[in-house]
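Q: Quick one, structure for this:
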Amino acid sequence: MRLVRIVAMLAVAMAATLAATTTASAATCLGSGYLVTLDGKIQRFSTSTNAVTTTVDVPRANFVDVAVSPTGRTLYTVDSSGDSVRVFDATTGLATVTISGFSTPTTIALSPDAKRAYVASQTARTVTMVDTTTNTIVTTFSVSSTSAPTDLVVNADGSLVYITVGDALQVRSTIDGTLQKTYALSGDAKAVALSTTKAYVATPFSVDSALLSGSTSDLLYVGTTGTPKSIAVSPDGVTLYVGTMDTGIESLLSGPIGGGTLTPVGLGSVLTGLLSIAVTPDSATVYGAAANVVAVLARGTSTPTTLTGAVTSNITAVAVCPSVTDPGAPTAVTAVPGDATVSLSWTAPANSGGASILGYTGTAAPGGATCTTTGATTCLVTGLKNGTSYTFTVTATNIAGTSAASAASTKVTPRRDNSARVLAVGLPTITFTKKGIGIATSITVTGAGTIAQVATFKGDRYCNLSRRVTAAGTYRVRCVIKAAGRLLAKKRAVSYTLRSTFSPTNGLVASNSQTVRVPRRR
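A: Numbers count the residues shown, from 1 in each chain. Presented below is the predicted three-dimensional model:
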């Protein structure tokens, strides 16, 4: 039920497998769905045939919610009586670990990258954050001293969790649970779903909405029948679905996103109150789970069917897996050589696989040097050998997996470019000492490297300075003219040419030349 709200918000890839026995091999979650029951059953079904394909019985478990990881390998089930979340490895069909430490948990929501799970506990009135990479509890924070959390969902960028508590919608940080804002609602909140701009909250006989960027809520839908139990936004962002605990045709209501009238969808008398709603990624099919049946309704029709092979008692939640695949390969990779570096750019794949691109990796051949981004379509490959010819390929990664490599770029050869670039050098200050004539300047550099200075007169060198620096900044340097140069200045004023250079550890040499007139030293 809660997974569907994440799917509706993100349309991300969620693939999972579940075996009928402990030795069965894994199968993809694409085009599949799951239902769980209060007496420990997990059933996988096909969304193309609407028939149950596998069933697993977990003794002494009381499942009240289910979520599927976007990687497609992990299934999370909330066991209320065991005060735990049971994690199943889809490659074996076995429960790999039981995460304990909850107090009558009721619902679970995953972050978009599935690295965190958020579990609401009824008795303790808390929300617990779980690290899904280690299956350990990170922190638990209280949401109320008087009301239990009833539902929660994570926003699209994974920064906030929206929690329904009593007659309020709380917005908290997903990092530490810090309260960010609170929306006052028209009644006790039962369930929440997010669109791209609003949060929709099911309350008795109405639906409230709240702008994600604002701090107030509105009554958008009024006059709903009975007590809402579940709510979902279709993945295409067009339709809002609300499930109530009433029996019969009023159990599932729908209306356009943005406000208006919620009308019966047409599930008839097959349902004895609606506990959970799931919508397929293409928004074409709605699944309504009651305790005794899962109704299946195609969008635009009024006659439901039922999920065949499903259990007929104690159903608590239903969820579907999005049809998301690995992205296509990036195209038009171009490479521009530099000094031991190559700057890459490319075009994003036309087919993202149905999910956002999380990052790219550029790879050099030969050698395998790489650069990565978190979504940008340019990056710099460093550590290359000057004089060696390279080609480059790029792959794209979404939440389902990594694409095939792009076509290789044309060959390029990194080379050191010694052509002078302008170096920022301040006006010199001249001082006379017994040891010589000091020419001091301020030189601004862009990174680690070597600063050098030389003063010449009629082709002869009269000072030579070299200084190594480890970071970008402005450095005060002093080149001292000694011996013959000092004697020369005693005879007459001398105009020296002061040449300053900066040779970076990795990059192009920059230089600056200026004339420094040293007055006669009497």
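
Q: Regarding residue 490, what is its secondary structure?
A: helix (DSSP: H, G, I helix; E, B strand; the rest coil).

Q: Please work out how many residues are found near it.
A: 10 (other Cβ atoms under 10 Å). For every residue, glycine as well, the C-beta is placed using N, CA and C.

Q: now the strands for the stretch 301-450 of the chain?
A: 305-306, 315-320, 331-337, 342-347, 359-365, 370-373, 378-381, 391-397, 421-422, 424-425, 429-432, 437-445, 449-457 (DSSP state E, counting those that start in this stretch).

Q: Would you convert those strands into JSON lines that also reports mean neighbour count and distance to residue 137?
A: Output for the strands of the stretch 301-450 of the chain, formatted as JSON lines (neighbours: other Cβ atoms under 10 Å; distance: least, Cβ to Cβ, whole Å):
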{"stretch": "strand 305-306", "mean neighbour count": "15", "distance to residue 137": "38"}
{"stretch": "strand 315-320", "mean neighbour count": "26", "distance to residue 137": "22"}
{"stretch": "strand 331-337", "mean neighbour count": "17", "distance to residue 137": "44"}
{"stretch": "strand 342-347", "mean neighbour count": "20", "distance to residue 137": "41"}
{"stretch": "strand 359-365", "mean neighbour count": "21", "distance to residue 137": "28"}
{"stretch": "strand 370-373", "mean neighbour count": "16", "distance to residue 137": "31"}
{"stretch": "strand 378-381", "mean neighbour count": "17", "distance to residue 137": "37"}
{"stretch": "strand 391-397", "mean neighbour count": "23", "distance to residue 137": "29"}
{"stretch": "strand 421-422", "mean neighbour count": "10", "distance to residue 137": "55"}
{"stretch": "strand 424-425", "mean neighbour count": "18", "distance to residue 137": "53"}
{"stretch": "strand 429-432", "mean neighbour count": "14", "distance to residue 137": "63"}
{"stretch": "strand 437-445", "mean neighbour count": "19", "distance to residue 137": "49"}
{"stretch": "strand 449-457", "mean neighbour count": "19", "distance to residue 137": "48"}
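
Q: Tell me which of the ones you listed sits nearest to residue 173.
A: Of all these, strand 359-365 sits nearest to residue 173, with 23.9 Å by Cβ to Cβ.

Q: quick one: strands adjacent to the closest one?
A: strand 370-373 (antiparallel), strand 391-397 (antiparallel) (DSSP bridges).

Q: Also compute the angle for it relative to strand 331-337, please.
A: Using axes from the mean of the first three to the mean of the last three Cα atoms, to 10 degrees, the inter-axis angle of strand 359-365 relative to strand 331-337 is 60 degrees.

Q: how far does strand 359-365 sit from the chain's center?
A: 20 Å (Cα atoms, centre = their mean, to the nearest Å).

Q: thinking again about what came up before, let's have the strands paired with strand 359-365 in TSV, adding distance to residue 252 and mean pLDDT.
A: As requested, the strands paired with strand 359-365 are arranged in TSV below (distance: least, Cβ to Cβ, whole Å; pLDDT from 0 to 100):
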stretch	distance to residue 252	mean pLDDT
strand 370-373	43	96
strand 391-397	37	96
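
Q: Adding distance to residue 39, write those strands out as TSV.
A: TSV is the format used below for these (distance: least, Cβ to Cβ, whole Å):
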stretch	distance to residue 39
strand 370-373	47
strand 391-397	40
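
Q: So which of those is nearest residue 434?
A: Among these, strand 370-373 sits nearest to residue 434 (Cβ to Cβ), with 54.1 Å.

Q: got the CA positions of the closest one in CSV?
A: What follows is strand 370-373, C-alpha atoms only, in CSV (Å, rounded to 0.1, in the frame of the first residue of the first chain):
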residue,chain,number,x,y,z
THR,A,370,37.3,6.6,-15.2
CYS,A,371,35.3,9.7,-14.3
THR,A,372,31.8,9.7,-12.8
THR,A,373,28.9,12.1,-12.4
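
Q: Residue 478 pairs with what?
A: residue 440.

Q: What separation do you get for it and residue 451?
A: 11 Å (Cβ to Cβ, to the nearest Å).

Q: shared neighbours of those two, anything?
A: Counting by Cβ atoms under 8 Å, 6 or more residues apart in numbering, the common neighbours of residue 478 and residue 451 are residue 465.

Q: Residue 145 reaches residue 126, doesn't it?
A: No. Judged on Cβ atoms under 8 Å, residue 145 makes no contact with residue 126 at a distance of 10.8 Å.

Q: Alright, I will stop here.
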